[in-house]
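> what follows is a predicted protein model with its sequence.
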Amino acid sequence: MFQADVNDVPQLSFTGALPQDARIDQLVAEAHARYAGHDDGVVADYIPILAEADPAWFGLSVVDVDGGAHAVGDVGVAFSIQSISKAFVFALAADEIGHDTIRETVGVNNTGLAFNSVVAVELNDGSPMNPMVNAGAIATTALVPGAHADERWQRIRDGLSRFAGRPLALDGEVYRSESFTNHRNHALARLLQSYDRLAIAPDEAVDIYTRQCSLAVTAQDLATMGATLADGGVNPLTGERVVSAQTARDTLALLASCGMYERSGEWLFEIGLPAKSGVSGGIVAIAPGKGAIGAFSPRLDEAGNSVRGQRACAFLSRTLGLNLFASAPRGTHAPGAGTDPTAVKESS
Ligand code: GLN
């Protein structure tokens, strides 16, 4: 069961602007200090190279839509983006092929099952269900336009780099380690092919998907990538438009319902933000119009979500006023003051 561990933290409402920069810095540092000593969860090892991660790594970054960055801990440590790539490849694909096509061909509903579930595909007449589980992500990658595999891959790598505001590189060790062991993803791709649900050859789709998962990022990159979705598709650090505002909106809707796998409901209930996690320990959580949190810590819960990362996001969602569902009554909020007189402690 997911434990947010924030019942003693008052909820600041979403209404209004972010607090002042110095206050954000202070809260990011506080979130780090509060959870750095937590040792619950285990490092993923089903992709052999991931088991080499240091379980103590913990980096946190908040990038706001004005381009301000607030970072603490291991924010410079590079790790493979893994499933978080699904969010941004979805955005690139949707931007090219449109809202309706994605909805009809891949789907936009949660499976309620694990990220790599074969049963989910079988239970739904071959539908991959949504772009945030492996089956749907492989199907989405196959929809990225390109004359051949290399062109598709370049488009994905360049697109994700534009989200991050810097050129992202493939981690060759991760790519090879996953390529030797990703039998299940090959099985999922074949299964989709058998239902005529894959736009390109299964081996090619899995190879590009494995590459996108092997791109090396930092917590700082995740926060910037998320902040681009928070900023209507424009990267707040480079000023470049990466996707349309409609695509940014669609991506966030999907992340709210499907981004944290079968735990998406619990996550939304506790934290109230669209988010995406990956098995190397990254989480990106996005507050539309405000900014994004990038978190990295490799110890995972049973669903494959970073334990420290989830807790830090819960803390920041409350203290920075990021929970989308937390409103303050009209007239009680001082705009831009970053304080909320209605913030109350939870009773439980
Ligand atoms: N590349 C990983 C896989 O396909 C991504 C999974 C994840 O991050 N949950 O298994």
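Now that the structure is in, tell me what you want to look at.

> so what's S61 bridging to?
Using DSSP bridges, the beta-bridge partners of S61 come out as A71, G294.

> check which element follows the lowest-mean-pLDDT helix or strand in the chain along the chain.
Scoring the helices and strands of the chain by mean pLDDT, DSSP states H and E places helix 99-105 at the bottom, with a mean of 91. For helix 99-105, the following helix or strand on the C-terminal side (DSSP states H and E) is helix 119-123.

> phi first, then psi, for S280.
phi -80, psi -10 (degrees, to the nearest 10).

> give me phi/psi at I286?
Per degrees, to the nearest 10, the backbone of I286 is at phi -120, psi 130.

> how much space between it and the ligand?
Separation of I286 from the ligand (Cβ to the nearest ligand atom, to the nearest Å): 18 Å. C-beta here means a position set from N, CA and C on the backbone, and glycine is covered the same way.

> and the stretch 201-348 of the chain, which of its residues are near the ligand?
213, 278-279, 304 (Cβ under 6 Å from any ligand atom).

> same question for the stretch 51-200 of the chain.
So the stretch 51-200 of the chain meets the ligand at 82-83, 115-116, 134, 178, 185 (Cβ under 6 Å from any ligand atom).

> so which of the residues you listed are in helices?
Using DSSP state H, the subset of those located in helices is 134, 178, 185.

> filter those down to the buried ones, ChimeraX style.
Buried residues among those (16 or more other Cβ atoms under 10 Å), as a ChimeraX selection:
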select :134,178,185
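
> any idea how far stretch 109-117 is from the chain center?
How far stretch 109-117 lies from its chain's middle: 16 Å, per Cα atoms, centre = their mean, to the nearest Å.

> mind listing what's buried in it?
110-111, 113-117.

> out of those residues, what pair is the most spread apart?
N110 and N116 (14.8 Å; Cβ to Cβ).

> so L215 makes contact with I81?
Yes. Contact status for L215 versus I81: in contact at 4.9 Å, counting by Cβ atoms under 8 Å.

> overlap of the contact sets of the two?
Contact criterion Cβ atoms under 8 Å, 6 or more residues apart in numbering; residues shared by L215 and I81: 160, 168.

> ok, the two, which is more surrounded?
The neighbour comparison of L215 against I81 (other Cβ atoms under 10 Å) goes to I81, with 30 against 25.

> need the residues of the stretch 51-200 of the chain next to the ligand in CSV with pLDDT, can you?
Listed next are these as CSV, based on pLDDT from 0 to 100:
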residue, pLDDT
Q82, 98
S83, 98
F115, 91
N116, 93
N134, 97
E178, 97
N185, 98
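
> those: which two are farthest apart?
F115 and E178 (14.1 Å).

> hang on, the earlier thing: closest one of the residues of the stretch 51-200 of the chain next to the ligand to T105?
Closest to T105, out of all of those and judged by Cβ to Cβ, is N134, at 16.2 Å.

> pLDDT at K276, what is it?
For K276, the model assigns a pLDDT of 98.

> the helix or strand where it lies pairs with which strands?
K276 belongs to strand 275-277 when assigned by DSSP H and E. Using DSSP bridges, strand 275-277 pairs in its sheet with strand 282-287 (antiparallel).
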